[in-house]
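1. Sequence plus the predicted model coming up.
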Amino acid sequence: MPSFPLISKSEQETFSEALHFAKMAQLQEMCALLYLPDAGKKGELIERIMTFINTGTILQSPRIPDRSRAKSHPPQALQPNALMLYGSYKNDLKTRTLFKQLIGPHFHYTAFGVDWLNDRWMKGKPPTYQEFADYWIAETARRKKSPANPKDEWRYIRFLQEMNATHPDASSREIMDAWKKEQAQQAAYARRVIEVLRKLIK
């Protein structure tokens with residue numbers, strides 16, 4: 001039986017950073033190499049890998065409760081007081097049109113909106129379209145006053161911000177080439193660490 005954590009704290013920081021550069025398919029492969037479930041979003045896969053390396057605990061994929069699923073409710077018409085349910089909610093033109101009616105022509109789909117909706121689903125509290133619109137308006141106003149840093153799993157956005165700060169004259173092609181190189185190097189490093197850890201847990 002291996003001793004946990006499998007790598008030191010300083011190594012964990014470097015390794016975690018490298019995982020955030022990996023693509024979904026690469027993270028799923030790394031989970032499989034460690035005999036971990038490979039279902040979930042990018043942040044969940046990274047958390048699953050890091051938790052296992054730290055404690056040996058295998059986190060299972062969270063399941064959206066039935067209270068948030070369309071099959072547990074009567075059919076919902078696309079209107080402000082209808083519930084946004086997992087399995088029936090669609091990110092399509094009709095839904096976007098409704099949100100523009102509730103919010104205004106400046107509405108656009110955002111990552112923070114998706115995160116909020118998923119959080120409500122996981123808690124078994126699906127919101128109405130009006131509640132989502134109210135949240136979007138309030139959160140957008142808040143972020144204008146206090147801009148938020150991109151989440152760790154949005155590493156590409158952070159990379160662009162860093163490149164713009166350190167290389168303001170770089171062309172779009174140069175930035176993209178730099179990203180691809182960095183992404184490949186970081187993902188390759190994470191894969192090498194995984195292969196070493198796989199031998200430890202056999």
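-> Structure's in. What do you need?
2. contacts and neighbour counts: CA atoms only from here.
-> OK.
3. For residue 113, give its distance to residue 66.
-> 21 Å (C-alpha to C-alpha, to the nearest Å).
4. Looking at the record's assignment, how would you partition this protein?
-> The record's domain split for the chain, according to automatic domain parsing, is 9-62+183-201, 66-145.
5. want to try TSV for these, with mean neighbour count as columns?
-> Below are these laid out as TSV (neighbours: other C-alpha atoms under 10 Å):
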stretch	mean neighbour count
domain 9-62+183-201	17
domain 66-145	15
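6. Pipe those into CSV and attach distance to residue 154 and mean pLDDT per row.
-> Putting the domains of the chain into CSV (distance: least, C-alpha to C-alpha, whole Å; pLDDT from 0 to 100) gives the following:
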stretch, distance to residue 154, mean pLDDT
domain 9-62+183-201, 8, 94
domain 66-145, 10, 95
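7. Just put the ones you listed in a markdown table and tack on distance to residue 177.
-> Listed next are the domains of the chain as a markdown table, based on distance: least, C-alpha to C-alpha, whole Å:
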| stretch | distance to residue 177 |
| --- | --- |
| domain 9-62+183-201 | 10 |
| domain 66-145 | 25 |
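8. Between those, which one is closest to residue 170.
-> Taking C-alpha to C-alpha, domain 9-62+183-201 is the member of the domains of the chain nearest to residue 170, at 17.8 Å.
9. Pull up the distance across the closest one, start to finish.
-> End-to-end span of domain 9-62+183-201 (C-alpha to C-alpha): 19 Å.
10. Centre of the chain to it, how far?
-> Remark: domain 9-62+183-201 is offset 15 Å from the chain centroid, using C-alpha atoms, centre = their mean, to the nearest Å.
11. Could you identify the longest helix within this protein?
-> As assigned by DSSP state H, the longest helix anywhere in the chain is helix 172-201.
12. what's near enough to touch the closest residue to residue 27 other than its chain neighbours?
-> Nearest residue to residue 27, sequence neighbours excluded (C-alpha to C-alpha, 6 or more residues apart in numbering): residue 45, at 6.7 Å. By C-alpha atoms under 8 Å, 6 or more residues apart in numbering, the contact set of residue 45 is 27, 28, 31, 38, 39.
13. Could I get the contacting residues of the first one?
-> It stands for residue 27. By C-alpha under 8 Å, 6+ apart, the neighbours of residue 27 are 19, 38, 42, 45, 46.
14. Export these to CSV and append columns for distance to residue 70 and secondary structure.
-> Shown next, in CSV, are those (distance: C-alpha to C-alpha, whole Å; DSSP: H, G, I helix; E, B strand; the rest coil):
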residue, distance to residue 70, secondary structure
19, 34, helix
38, 25, coil
42, 25, helix
45, 26, helix
46, 29, helix
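15. what's in contact with stretch 155-168?
-> By C-alpha under 8 Å, 6+ apart, stretch 155-168 touches 20, 21, 150, 170, 175, 179.
16. List the contacts of the last one.
-> Think residue 179. Going by C-alpha under 8 Å, 6+ apart, residue 179 touches 156, 159.
17. Can you give me the distance of it to residue 29?
-> 21 Å.
18. what's in contact with stretch 57-75?
-> By C-alpha under 8 Å, 6+ apart, stretch 57-75 touches 36-37, 39-40, 44, 48, 51-52, 85-88, 121-126.
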